[in-house]
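Asker: build me a model from this:
(2 chains)
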Amino acid sequence: EAQVTQNPRYLITVTGKKLTVTCSQNMNHEYMSWYRQDPGLGLRQIYYSMNVEVTDKGDVPEGYKVSRKEKRNFPLILESPSPNQTSLYFCASSLSILAAPYEQYFGPGTRLTVT
Amino acid sequence: AQSVTQPDIHITVSEGASLELRCNYSYGATPYLFWYVQSPGQGLQLLLKYFSGDTLVQGIKGFEAEFKRSQSSFNLRKPSVHWSDAAEYFCAVATANAGGTSYGKLTFGQGTILTVHP
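Answerer: Down below sits the predicted model:
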């Protein structure tokens, strides 16, 4: 089954404790992206990757790191989480963002709470 | 910097009524525009997109949108709303990165919650 998986789905952590949210897709997609969703703010892009070893900043990259060493994986790293990073995080992938089939496939989301 | 504004936070319509959700964007170059829908607890699903050509684009589930460059708008419409259309709708614009080498940067609007009354 074609899908984007994220782990963990729920995480409660404390300020300053490094964490990684994994994202994996099995569709051989070139494009992958991370978003955070906060009430009233919509989705805001954190980082995206056009292909392996190619990453770029979205609108809210501060406090986050990513890497794209393999095509299927795009982990999101919070080196020193802070309470303002409490949010719902989505990973998405697409064959190519501007070429057919255009569709971004979204993971189920990771709800992160930083206390 | 690019931005997307959805002026209506919440819209309520009756089932069978027509619908228009507004979206305004700010971007200096040619925009690549999208509408997504999100059902509660779910990820986003692409409804339609505009890249170039005909300014009226058709999407899934009976939705359409019209690109108006002069008004910097990309409004979403549906002639007759169904109860299953109740969801949150997001407009988004894809823009170039700082080097102009890719168009993977996506900026979303704040979203419009649609409630459908029977």
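Asker: all contacts plus neighbour counts: C-alpha atoms, from now on.
Answerer: OK.
Asker: just want the residue of chain A that's nearest chain B.
Answerer: A:G42 (4.0 Å; Cα to the nearest Cα).
Asker: list the contacts of the residue lying closest to that residue once chain neighbours are set aside.
Answerer: Nearest non-adjacent residue to A:G42, counting by Cα to Cα, 6 or more residues apart in numbering or on different chains: B:Q110, 4.0 Å away. B:Q110 is in contact with A:40-43, B:4-6, B:9, B:90, counting by Cα atoms under 8 Å, 6 or more residues apart in numbering or on different chains.
Asker: buried among those residues? Make that a ChimeraX selection.
Answerer: Restricted to buried positions by 16 or more other Cα atoms under 10 Å in any protein chain shown, the ChimeraX selection for these reads:
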select /A:42,43 /B:4,5,6,90
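Asker: wait, is the residue nearest to A:G42 part of a strand?
Answerer: No - B:Q110: not assigned to a strand; according to DSSP: H, G, I helix; E, B strand; the rest coil it is coil.
Asker: ok, the residue positioned nearest the centre of chain A to A:S93 distance?
Answerer: With distances taken as Cα atoms, centre = their mean, the residue of chain A nearest its centroid is A:W34 (2.7 Å). A:W34 is 9 Å from A:S93, where distance means Cα to Cα, to the nearest Å.
Asker: what residues does chain A have near chain B?
Answerer: A:31, A:40-45, A:48-50, A:56-59, A:90, A:97-98, A:103-109 (Cα under 8 Å from any Cα of the partner chain).
Asker: what about 6 Å?
Answerer: Neighbours of chain B within chain A, by Cα under 6 Å from any Cα of the partner chain: A:40-43, A:58, A:106.
Asker: just the ones in strands from these, please.
Answerer: A:42-43, A:106 (DSSP state E).
Asker: got a list of what residue 76 touches?
Answerer: Assuming you mean chain A. For A:L76, the contact set (Cα atoms under 6 Å, 6 or more residues apart in numbering or on different chains) comprises A:20-21, A:66.
Asker: I was after chain B.
Answerer: B:20-21, B:64-65.
Asker: how many other residues sit next to A:T55?
Answerer: 20 (other Cα atoms under 10 Å in any protein chain shown).
Asker: meant to ask about A:V52, not that
Answerer: A:V52 has 17 nearby residues by other Cα under 10 Å.
Asker: what do you get for A:A2?
Answerer: Look at A:A2: counted by other Cα under 10 Å, it has 9 neighbours.
Asker: let's see the pLDDT reported for it.
Answerer: Confidence at A:A2, expressed as pLDDT, is 79.
Asker: which phi and psi does it have?
Answerer: The phi/psi pair for A:A2 (degrees, to the nearest 10) reads phi -70, psi 130.
Asker: ok, A:Q25 to A:E1 distance?
Answerer: On the measure of Cα to Cα, A:Q25 and A:E1 end up 10 Å apart.
Asker: looking at these two now, which is surrounded by more residues?
Answerer: A:Q25 (23 against 5).
Asker: dump the residue contacts of the more buried one.
Answerer: When contacts are counted by Cα under 6 Å, 6+ apart, A:Q25 touches A:3-4, A:72.
Asker: any chance of the backbone angles for A:V60?
Answerer: Dihedral pair for A:V60: phi -130, psi 60, per degrees, to the nearest 10.
Asker: that one contacts A:Y47, doesn't it?
Answerer: No - with contact defined as Cα atoms under 6 Å, A:V60 and A:Y47 do not form a contacting pair (7.8 Å).
Asker: which of the two has more neighbours?
Answerer: Between A:V60 and A:Y47, A:Y47 has the larger neighbour count (other Cα under 10 Å), namely 27 against 13.
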